[in-house]
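**Q** kindly return the folded structure for what I paste below:
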Amino acid sequence: MTAAARAPQSLMAFDFGLRRTGVATGQRLLGLARPLTTVTAEGDARFERIAALVREWQPDALVVGVPRHPDGAEHENTQRARRFARQLHGRLRLPVYEVDERYSTVEVRASGLVRDVDAAAAALILEQYFREAEAAERAPTPPHTLEGAP
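**A** Numbers count the residues shown, from 1 in each chain. Just a heads-up that it's a prediction; the model follows:
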């Protein structure tokens, strides 16, 4: 079985925020994502709403956008987003992938064409995951060597 065949095909992505979490879904085959909604609940209520979306859409895996400073350094929200990703994995028992999402919300706001900025940012995060996964598949693999060979 190839790496592409084992890779998750249906994914749900999240643009985590303290008050709002954007949600998007997409199919790896097309490499496109579509905004779904923004969850405005907090705490357990947030996870209950997300669990309902996961039951409805049945993704193979989840993607969480992890913010960083422009220079790539981590900050307080980086840790919050990672904690959210760990909680998703623990509660939903699905694989969770992290994507650097430094400018997703800024990019969506700059377009001025979107009503649900957080869900649209989640879609950008998922499309970025698709691009990165495709690039990783195309990367050359090191040649196999036999044990004991020079």
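
**Q** can you say which helix or strand has P59 in it?
**A** Under the assignment given by DSSP states H and E, P59 is not contained in any helix or strand.

**Q** L11 is in contact with that one, correct?
**A** Yes - look at P59 against L11 with CB atoms under 8 Å: they come within range, at 5.2 Å. Any C-beta I mention is one placed from the backbone N, CA and C, and that applies to glycine too.

**Q** please identify every residue contacting each of those two.
**A** Residues touching both P59 and L11 by CB atoms under 8 Å, 6 or more residues apart in numbering: T25.

**Q** the two: which is more packed in?
**A** L11 (25 against 21; other CB atoms under 10 Å).

**Q** buried residues, the helix or strand containing that one. List them.
**A** Element membership for L11, per DSSP H and E: strand 10-15. Under the neighbour-count criterion of 16 or more other CB atoms under 10 Å, strand 10-15 has 11-15 buried.

**Q** same deal with stretch 71-79?
**A** T78.

**Q** average pLDDT across that stretch?
**A** For stretch 71-79, the mean pLDDT works out to 87.

**Q** residues in contact with that stretch?
**A** Contacts of stretch 71-79 (CB under 8 Å, 6+ apart): 66-69, 100.

**Q** can you give me how far that stretch is from the chain middle?
**A** Taking CA atoms, centre = their mean, to the nearest Å, one finds the center of stretch 71-79 at 17 Å from the center of the full chain.

**Q** first-to-last residue distance for it?
**A** One end of stretch 71-79 to the other measures 16 Å (CA to CA, to the nearest Å).

**Q** then stretch 10-26?
**A** End residues of stretch 10-26 are separated by 6 Å (CA to CA).
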